[in-house]
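Novice: Output the structure for:
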Amino acid sequence: PLARAGVPLLIEKPLAADPIPADAFAEAKAPIQVGYCLRFQPALAAVAAAVWDGAVGTVRLLRAQVGQYLPDWRPGTDYRAGVTARADLGGGALRELSHEIDLALWLGGPVSGVRARLANTGALGIETDEVADLTLTFASGAVGSVQVDLLRRAPRRLLSVTGDDGTVEWDGIAATARLFRDGAWTDLTPPDDGGGDMYDRQFRHFLARVADGAAPLVGPDAGRAVLDVVAAARRSDDEGGDIAP
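Specialist: Numbers count the residues shown, from 1 in each chain. Below is the predicted model:
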C-alpha cells in the first residue's frame, strides 16, 4: 500500500520471509530499495568493478563465506529471543545472512540450480538453521558456493571470484580487496574518500534516488531473487538434488 501511494521505501533485508510475486511492486510510484548494504562497501565495489571490467576474464567460480557467533551479535540481549533464533519471525542463518546470496547473484548473474544442506547442530539452543551450505549453478555455466553460519567464534566474511585470467578477493572484515593476475597480487582497496561507512553510503544513495526518481542499486527485483534462492535451498534440503529458483 505504501508503494502504491508513492512513498519511497528502504526495506531491511530480507525483503520478506517467503517468496513474493514478481509483480508485487509493479504499481510502485516511488523508489524502493532493499537494504543489502554490503554493496555500498567501497572495497567490495572495487571487486565488482574488477569483475565487470574483465580483470579476471570469463567468470568460472564464485565463493562467498560468512560466519559469526550469534551470542556476540547483540551484546546485552538474549540471542535466543531475537529474530535470528525464531522461526516465527523468519530467522535462521540462511535468511539472516542472505547478503552473501545477494552478492553471488549481483556478481554471478541468474542462478539455474541450487543444491543445499541446512543444519541445526543444537549448539546454540535455537530453533532455526545455524548453518547453510549452498552450491549454485549459474545460467552462465559458472559454479558458486555460499556458506553461512552462526557458530564461528572469530568473525569471517570472504568473497572470491575466479575467471580464466585471474582471481579477485574481498575480505569483508578487513574491508580490503585484491586481484591476482599475471602471477602477482595487486591491492585494489580504495583510499578513504571521507564518504563514511556502507550505511552512510546506502542512505545517501537512497535519498539521491528519492530526489531524482531513478532506480536504486538494490531494487525489489534483487530482493525477490534472493528469496527465490532461499526457497530453492530449503526445498533442496528437504527433497535433495538441484532445485531451480
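Novice: which stretch of helix or strand covers the residue nearest to G196 when sequence neighbours are not counted?
Specialist: Leaving aside its sequence neighbours, G196 sits nearest to R204 (Cβ to Cβ, 6 or more residues apart in numbering; 7.9 Å). C-beta: built from backbone N, CA, C; applies to glycine. Assigned by DSSP states H and E, R204 belongs to helix 198-212.
Novice: Show me what whichever helix or strand comes after that helix is packed up against.
Specialist: Counting by DSSP H and E, the element after helix 198-212 in chain order, helix or strand, is helix 220-239. In terms of contacts (3 or more Cβ pairs under 8 Å, 6 or more residues apart in numbering; DSSP states H and E), helix 220-239 is packed against strand 32-34, helix 93-96, helix 99-108, strand 111-119, strand 131-138.
Novice: quick one, what contacts V59?
Specialist: Counting by Cβ atoms under 8 Å, 6 or more residues apart in numbering, V59 touches 51, 107-108, 140, 142, 161-163.
Novice: neighbour-wise, which of the residues you listed leads?
Specialist: Taking other Cβ atoms under 10 Å as the neighbour criterion, V161 ranks highest of the contacts of V59 with 28 neighbours.
Novice: thought that one was touching W106?
Specialist: No - counting by Cβ atoms under 8 Å, V161 does not reach W106; the two are 10.7 Å apart.
Novice: Nearest the middle, which residue of this structure would you pick?
Specialist: H99 (2.0 Å; Cα atoms, centre = their mean).
Novice: what residues are up against that residue?
Specialist: Here H99 is in contact with 13, 36-38, 66 (Cβ under 8 Å, 6+ apart).
Novice: if I look at it, how far off is A28?
Specialist: For H99, the distance to A28 (Cβ to Cβ, to the nearest Å) stands at 23 Å.
Novice: Outside of stretch 137-148 itself, list whatever touches it.
Specialist: So stretch 137-148 is in contact with 59-67, 93-94, 97, 100-101, 104, 108-114, 131-136, 242, going by Cβ under 8 Å, 6+ apart.
Novice: what's downstream of the helix or strand encompassing V148, the next helix or strand?
Specialist: Assigned by DSSP H and E, V148 falls within strand 143-149. The helix or strand immediately downstream of strand 143-149 is strand 156-163, counting by DSSP H and E.
Novice: Using PDB, list the CA coordinates for the helix or strand following that next one.
Specialist: Using DSSP H and E, the helix or strand that follows strand 156-163 in sequence is strand 166-171. Listed next in PDB are the C-alpha coordinates belonging to strand 166-171 (Å, rounded to 0.1, in the frame of the first residue of the first chain):
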ATOM      1  CA  GLY A 166      42.700 -14.300 -12.500                       C
ATOM      2  CA  THR A 167      41.000 -14.100  -9.100                       C
ATOM      3  CA  VAL A 168      39.700 -11.100  -7.200                       C
ATOM      4  CA  GLU A 169      39.100 -11.300  -3.500                       C
ATOM      5  CA  TRP A 170      37.300  -9.200  -0.800                       C
ATOM      6  CA  ASP A 171      37.800  -9.500   2.900                       C
END
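Novice: what's strand 166-171 packed up against?
Specialist: Right, strand 166-171 is packed against helix 42-52, strand 156-163, strand 176-181 by 3+ Cβ pairs under 8 Å, 6+ apart.
Novice: Quick one: mean pLDDT over the last one.
Specialist: Confidence for strand 176-181, expressed as mean pLDDT, is 98.
Novice: So which residues make contact with that strand?
Specialist: Residues external to strand 176-181 that are found in contact with it (Cβ under 8 Å, 6+ apart): 43-44, 46-47, 50, 55-56, 165-171, 185-190.
Novice: Next, the angle helix 42-52 makes with it.
Specialist: Orientation check (axes from the mean of the first three to the mean of the last three Cα atoms, to 10 degrees): strand 176-181 against helix 42-52 gives 20 degrees.
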